[in-house]
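Engineer: How does the following fold in three dimensions:
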Amino acid sequence: MTIRRLISRILGPPAVLFLILVTCYVAYQLVTGTFDSMRMKSEASLAIESFHERFNRDDLSSACENAYPWREPPMDCMSQLKEVKLRFGKFKMLQTAKFQVVSEPRWVRIETISVFEKGELAERFLARPGLGVVNYKALAAGRGHR
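Structural biologist: Here you go, the predicted model:
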């Protein structure tokens with residue numbers, strides 16, 4: 001005896017329809033969640049690219065304003081970027097990027113190993129859809145040449 005017939009005998013047709021509805025809903029959530037996650041990662045990648053472009057143009061104030069859009073850019077952001085620029089030089093490329101997508105509240109945490117003119121630096125970004133990079137942290141694990 002199949003499971004459907006067993007459920008139908010025990011609970012009747014409304015239970016079968018309910019199970020079908022639940023199955024369809026779960027499948028829909030999985031598919032839309034996957035596409036939403038991919039879109040959020042793509043948007044976060046573009047935001048990081050823009051952040052590094054501003055960094056290379058010595059537009060550190062703009063990068064920090066973007067990183068903290070809801071308030072005055074903190075001096076911590078500017079001092080971090082000045083120190084990174086002094087120690088590592090210009091940004092060249094991302095060597096690795098690890099994404100963590102969170103649905104509620106919607107944000108993406110990205111940990112990168114970034115290649116600069118004078119070495120590599122681990123960086124951490126927090127990106128929000130529609131806002132771009134909302135937080136930046138240069139991590140101490142970078143390897144630079146002095």
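Engineer: use CA for all of it now, contacts and neighbours both
Structural biologist: Fine.
Engineer: and the residue nearest in space to the middle of the chain, what does it touch?
Structural biologist: Centrality entry for the chain: nearest residue to the mean C-alpha point is V108, 2.6 Å, by C-alpha atoms, centre = their mean. Residues near V108 by C-alpha atoms under 8 Å, 6 or more residues apart in numbering: 40-41, 44, 99-102, 126-128.
Engineer: Can you say which helix or strand has it in it?
Structural biologist: strand 107-116 (DSSP states H and E).
Engineer: Could you give the average pLDDT over that strand?
Structural biologist: Strand 107-116 carries an average pLDDT of 92.
Engineer: Okay, now the sheet partners of that strand, with direction.
Structural biologist: In the sheet, strand 107-116 lines up against strand 91-102 (antiparallel), strand 119-128 (antiparallel) (DSSP bridges).
Engineer: Just give the number of residues close to the nearest residue to the residue nearest to the centre of the chain once chain neighbours are set aside.
Structural biologist: Nearest residue to V108 in three dimensions, chain neighbours excluded: V101, at 4.5 Å (C-alpha to C-alpha, 6 or more residues apart in numbering). Residues near V101, counting by other C-alpha atoms under 10 Å, number 19.
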